[in-house]
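In: with the input below, show me the fold.
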Amino acid sequence: MRLDLTDMRLFLTVVEHGSLTQGAQAMNLALASVSERVSGMESILGVPLLERTRRGVRTTAAGDALIRHARLILGQVEQMRGELRSYAKGVKGRIRLLSNTAALAVFLPQQLRLFLAAYPDLSVDIDERPSSEIVLAIAEGRAELGIVADITDLTTLQTHLIAQDQLVVVANRMHRIGGQQSAGFADIAGEAFVGLSDAVLETHLGERAARLGRQINYRVHLRTVADVGMLVEVGIGIAILSEASVAELRQPGLAILPLLEPWASRRLHLCARDFSVLTSHAKLLAQQLMESSALPVRGTS
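Out: Coordinates of the predicted model:
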């Protein structure tokens, strides 16, 4: 059996685009060449990988299996290349860490300061993503370590609780809740909101609003906490954010109130497919992050 990396990349590209034609365009190859290579893969493996329809293609069960393995293999190849490039640059080790916004805002800086000072030959590449994307990337083997909030399904991974994170309400001080000590979700669910581009948090809040028979009215979504704070301060709406991310918003014109709901206290977890098989460098970082908590590792269910 002979499948090369190009075959795998081509197959994944076709699947992601849902079409042989679009996949061929993305790979800058002729349609006939792509079709021939996919047919060759099916011939080598002895099973159909794609179902051809008038609207494009969809994977068979065998195709789904190939997707999982191809992503793992290509991810490992990229990891190998990255590590070897780092040796060429004189860096003896490089670790890729995925993190949600809350952990990156407050928890990680202090831990990375300690880690990088203790291991001067190691470097850490941090990629900020929503928790749901991190869980998927770890499960598919595209990254070794991630830090996520527990509002995401973590049952497919091993996890370790490393920090707590509280949701807070940010409002203009002249807003009706600006002088309160705290706020309940039912009391503010009907307000206009300024949203942060955090799909997991937005989904979480949307589900809570739906239980109250409400729908959150987002007037705008912005990419940074600073931009959200700027619009809240001029009265465009209120916001619900991670307490860890709002340190930069301690401004005279803003009120920051705890959100008094049992579900508003989120827990941050370090996650991996299997902590025992991490690379040696990733194990060192995981150990540093775990030492911030005395709680045990939770295995997959």
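In: any idea how far the nearest residue to Ile151 once chain neighbours are set aside is from Arg176?
Out: Excluding the flanking residues, the one nearest Ile151 by Cβ to Cβ, 6 or more residues apart in numbering is His204, at 4.7 Å. Any C-beta I mention is one placed from the backbone N, CA and C, and that applies to glycine too. Note on His204: its distance to Arg176, by Cβ to Cβ, to the nearest Å, is 24 Å.
In: Gln79 too?
Out: Counting by Cβ to Cβ - Gln79 and Arg176 are separated by 52 Å.
In: more neighbours, the two?
Out: Gln79 (18 against 12; other Cβ atoms under 10 Å).
In: quick one: secondary structure of that one?
Out: Three-state call for Gln79 (DSSP: H, G, I helix; E, B strand; the rest coil): helix.
In: correct me, but it touches Gly93?
Out: No. Contact criterion Cβ atoms under 8 Å: Gln79 and Gly93 do not qualify, at 11.8 Å.
In: I'd guessed Leu20 sits against Thr13; true?
Out: No. Checked against Cβ under 8 Å, the pair Leu20 and Thr13 is beyond contact range at 10.1 Å.
In: how far does whichever strand or helix holds Ile67 sit from its chain's centre?
Out: Assessed by DSSP states H and E, Ile67 sits inside helix 61-88. Relative to its chain's centre, helix 61-88 lies at 19 Å (Cα atoms, centre = their mean, to the nearest Å).
In: after it comes which helix or strand?
Out: strand 93-99.
In: helix or strand right after that following strand?
Out: With DSSP H and E, the next secondary element past strand 93-99 is helix 101-102.
In: and the contacts of that following helix?
Out: With Cβ atoms under 8 Å, 6 or more residues apart in numbering as the test, helix 101-102 has contacts from 128, 149, 165, 196, 198, 225, 242, 244-245, 266, 268.
In: make it 10 Å
Out: By Cβ atoms under 10 Å, 6 or more residues apart in numbering, the surrounding residues in contact with helix 101-102 are 108, 128-131, 147-149, 163, 165-167, 196-198, 200-201, 224-225, 241-245, 266, 268.
In: lovely, talk soon.
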